[in-house]
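J.: quick one, structure for this:
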Amino acid sequence: MSTTPATHRAPAPPLPPGAPIRSGAVPQTFQNPTRVITGEGCAAEVGPHAAKLGATKVMVVSDPGVVRAGIPKSVIDSLHDSGIETLLYSEVEPDPRIELVEATLKAYKEFGGQLIVAVGGGSSIDVATATAILATNPGPLRSYEGWEKFLNSPDPLFALPTTVGTAAEVTPFVVITDAAAKFKFTIGSPKAAPMIAFLDPMLVLGLPPSVTAATAMDALTHAIESYTSLLSTPISEGLALQAIRMISANIRIAVANPNNLAAMNALLIGANIAGLAFSNTRLGNVHATAHPLGAFWKIPHGVANALMLPHVMEFNALACPLRMIDIAQAMGESVAGMSMAGTTEHDAALRAVQAVRRLETDIGIPARLRDLGVDKASIPDMAADAMKSANIAINPRKTTINEIISLYESAW
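T.: Take a look at the predicted model:
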């Protein structure tokens with residue numbers, strides 16, 4: 001943590017009890033509270049926008065790796081050029097815990113901060129968002145688990161993603177780990193979404209290939225689950241399909257060369273579009289099963305999603321074959337004429353699963369949970385946690401705990 005003087009990741013709310021889940025059964029909404037600014041070098045716009053809000057003290061939240069890479073420098077320079085004093089807080093860790101948020105809040109209050117700028121991946125943005133919430137609401141943090149549980153608007157927040165996956169810069173969700181309970185909980189509200197997101201491709205150039213692969217697969221999962229969600233809308237569906245096209249067309253190129261500006265920018269924008277989609281639809285069984293893998297075994301979220309994705313897609317194909325065919329086509333698969341060749345609709349739907357499996361092999365995603373050290377004996381406990389997720393209810397195929405266990409076992 002250092003102080004420098006100035007130099008002068010919405011879904012619809014929960015369904016009513018017993019509400020039918022079908023198109024038109026509940027009011028459909030689409031909301032995006034975040035202003036999105038894109039383009040090479042747009043990080044330099046942070047200072048002027050902070051100054052417009054009247055901020056004189058800004059805390060920049062990041063993680064040690066991002067700071068070592070020098071990525072926050074352009075943001076801090078922009079703030080200083082606008083006459084704003086900064087505090088760099090760089091203690092963020094993966095799967096951030098409640099205690100980390102409390103420590104960040106303490107530093108923010110002692111500094112007298114008026115605005116938070118998150119520079120990093122989903123963890124940094126989640127910590128910054130949770131800190132902004134607690135800056136104006138008494139807590140405790142977990143008392144706000146669920147949808148629209150806190151009353152007061154958080155302190156202003158800007159977000160600059162340094163990975164190509166979480167879309168936390170536009171989503172109304174915060175995911176924090178309760179370490180004692182081994183449980184990741186979610187806080188959701190349109191008020192939780194950052195005020196402004198700056199998508200600067202210069203901040204994601206040169207990501208390690210493994211990080212590019214994992215975070216981009218996280219984004220692809222967001223798009224696929226949004227498209228198949230029972231809460232999808234015509235607006236979210238268009239966004240989700242475009243995100244699938246952009247991500248699947250560029251992920252191999254970006255993993256092979258993370259300095260390819262065009263490919264990395266496409267992933268950054270594609271991830272953001274996927275975030276706009278799933279913010280209004282929620283997700284599904286992939287995320288429901290991925291969160292326990294992070295809480296129990298500290299598997300990176302993107303890797304957990306990628307590993308579970310083809311298994312859940314295969315499970316869901318019976319319930320939404322036409323959607324799966326759309327996904328296959330968006331990923332470049334040819335399904336035209338398959339019915340004339342005697343192929344069933346379900347067989348055509350499975351082309352999407354095959355496309356995902358080939359993609360993950362090409363970019364080096366681990367194939368099995370056992371390869372990541374997961375103990376098979378933990379599966380029943382993880383399944384019980386997965387069933388607590390609100391995403392289960394809007395997965396396209398109705399799911400029991402035994403089926404969640406089977407999904408984990410097929411991935412193991």
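
J.: grab the nearest non-local neighbour of A107.
T.: Leaving aside its sequence neighbours, A107 sits nearest to Y89 (CB to CB, 6 or more residues apart in numbering; 5.3 Å). All C-beta spots, glycine's among them, are computed from the backbone N, C-alpha and C.

J.: from what I can see S189 touches L151, true?
T.: No. The criterion here is CB atoms under 8 Å, and S189 misses it with L151 at 9.8 Å.

J.: higher neighbour count, these two?
T.: S189 (22 against 11; other CB atoms under 10 Å).

J.: excluding chain neighbours, what is closest to that one?
T.: E148 (4.7 Å).

J.: what's the neighbour count on that neighbour?
T.: Using other CB under 10 Å, the number of residues around E148 comes to 16.

J.: also F111?
T.: Neighbour tally, F111, other CB under 10 Å: 17.

J.: and the nearest residue to it once chain neighbours are set aside, how far is that from M217?
T.: Leaving aside its sequence neighbours, F111 sits nearest to L87 (CB to CB, 6+ apart; 4.5 Å). The gap separating L87 from M217 is 34 Å, by CB to CB, to the nearest Å.

J.: neighbour count: these two, which is higher?
T.: Set L87 next to M217 and count neighbours by other CB under 10 Å: M217 wins out with 27 against 21.

J.: helix or strand: which one has the more buried one?
T.: Element membership of M217, judged by DSSP states H and E, is helix 209-228.

J.: which secondary structure elements does that helix contact?
T.: On a contact count with 3 or more CB pairs under 8 Å, 6 or more residues apart in numbering; DSSP states H and E, helix 209-228 meets helix 234-256, helix 261-278, helix 285-297, helix 301-316, helix 321-330, helix 345-363.

J.: could you dump the ones you listed to JSON lines with mean neighbour count, mean pLDDT and distance to W412?
T.: Shown next, in JSON lines, are those (neighbours: other CB atoms under 10 Å; pLDDT from 0 to 100; distance: least, CB to CB, whole Å):
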{"stretch": "helix 234-256", "mean neighbour count": "21", "mean pLDDT": "95", "distance to W412": "25"}
{"stretch": "helix 261-278", "mean neighbour count": "26", "mean pLDDT": "94", "distance to W412": "26"}
{"stretch": "helix 285-297", "mean neighbour count": "25", "mean pLDDT": "90", "distance to W412": "11"}
{"stretch": "helix 301-316", "mean neighbour count": "26", "mean pLDDT": "93", "distance to W412": "10"}
{"stretch": "helix 321-330", "mean neighbour count": "21", "mean pLDDT": "93", "distance to W412": "24"}
{"stretch": "helix 345-363", "mean neighbour count": "19", "mean pLDDT": "91", "distance to W412": "16"}
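
J.: looking at those, which is nearest to T399?
T.: helix 285-297 (6.0 Å; CB to CB).

J.: residue contacts, A367?
T.: When contacts are counted by CB atoms under 8 Å, 6 or more residues apart in numbering, A367 touches L307, E360, T361.

J.: ok, of those residues, which one's closest to V374?
T.: Of these, the one sitting nearest to V374 (CB to CB) turns out to be L307, at 9.6 Å.

J.: who wins for proximity to D381 among the helices and strands packed on helix 209-228?
T.: Nearest to D381, of the helices and strands packed on helix 209-228 and by CB to CB, is helix 285-297 at 7.2 Å.

J.: distance from the chain centre to that closest one, please.
T.: From the chain centre to the centre of helix 285-297 is a distance of 13 Å (CA atoms, centre = their mean, to the nearest Å).

J.: please apply the same query to stretch 314-331.
T.: Per CA atoms, centre = their mean, the centroid offset for stretch 314-331 relative to its chain is 22 Å.

J.: contacts for that stretch?
T.: 224, 227-228, 241, 244-245, 248, 284-285, 313, 335, 345-346, 348-353, 355-356, 359, 395-399, 403, 407.

J.: can I get it in CSV? Just the C-alpha atoms.
T.: Taking C-alpha atoms only, stretch 314-331 is exported to CSV below (Å, rounded to 0.1, in the frame of the first residue of the first chain):
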residue,chain,number,x,y,z
GLU,A,314,-24.2,-31.8,-23.1
PHE,A,315,-26.6,-32.1,-20.2
ASN,A,316,-28.6,-29.1,-21.4
ALA,A,317,-28.8,-30.1,-25.0
LEU,A,318,-31.9,-32.2,-24.5
ALA,A,319,-33.7,-29.1,-23.2
CYS,A,320,-32.6,-26.5,-25.7
PRO,A,321,-31.4,-28.1,-28.9
LEU,A,322,-32.1,-25.2,-31.2
ARG,A,323,-30.2,-22.8,-28.9
MET,A,324,-27.3,-25.2,-29.0
ILE,A,325,-27.4,-25.2,-32.8
ASP,A,326,-27.3,-21.4,-32.8
ILE,A,327,-24.2,-21.6,-30.5
ALA,A,328,-22.5,-24.1,-32.8
GLN,A,329,-23.1,-21.8,-35.8
ALA,A,330,-21.8,-18.8,-33.9
MET,A,331,-18.6,-20.8,-33.2
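
J.: contact partners for the residue positioned nearest the centre of the chain?
T.: Note on the chain: the residue nearest the mean C-alpha position is T166, at 2.8 Å, using CA atoms, centre = their mean. By CB under 8 Å, 6+ apart, the residues touching T166 are R9, G121, G122, I125, T215, D218, A219, A271, G275, H301.

J.: only whichever of those residues are buried, select them in PyMOL.
T.: To isolate the buried members of those in PyMOL, using 16 or more other CB atoms under 10 Å:
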select buried, resi 9+121+122+125+215+218+219+271+275+301
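
J.: same list (the contacts of T166) but as TSV, adding distance to P64.
T.: Output for the contacts of T166, formatted as TSV (distance: CB to CB, whole Å):
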residue	distance to P64
R9	19
G121	12
G122	16
I125	16
T215	18
D218	21
A219	24
A271	23
G275	25
H301	18
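
J.: can you list the weak-confidence ranges in the stretch 51-200 of the chain?
T.: Judged by pLDDT under 70, the stretch 51-200 of the chain has no weakly predicted residues.

J.: which residue ranges form the strands in it?
T.: Taking DSSP state E, counting those that start in this stretch to define them, one finds strands in the stretch 51-200 of the chain at 57-61, 85-89, 115-120, 146-147, 157-161, 173-178, 183-188, 196-199.

J.: who wins for proximity to A256 among these?
T.: Nearest to A256, of the strands of the stretch 51-200 of the chain and by CB to CB, is strand 157-161 at 21.2 Å.

J.: how far out from the middle of the chain is that closest one?
T.: For strand 157-161 - counting by CA atoms, centre = their mean - the centre lies 13 Å from the chain centre.
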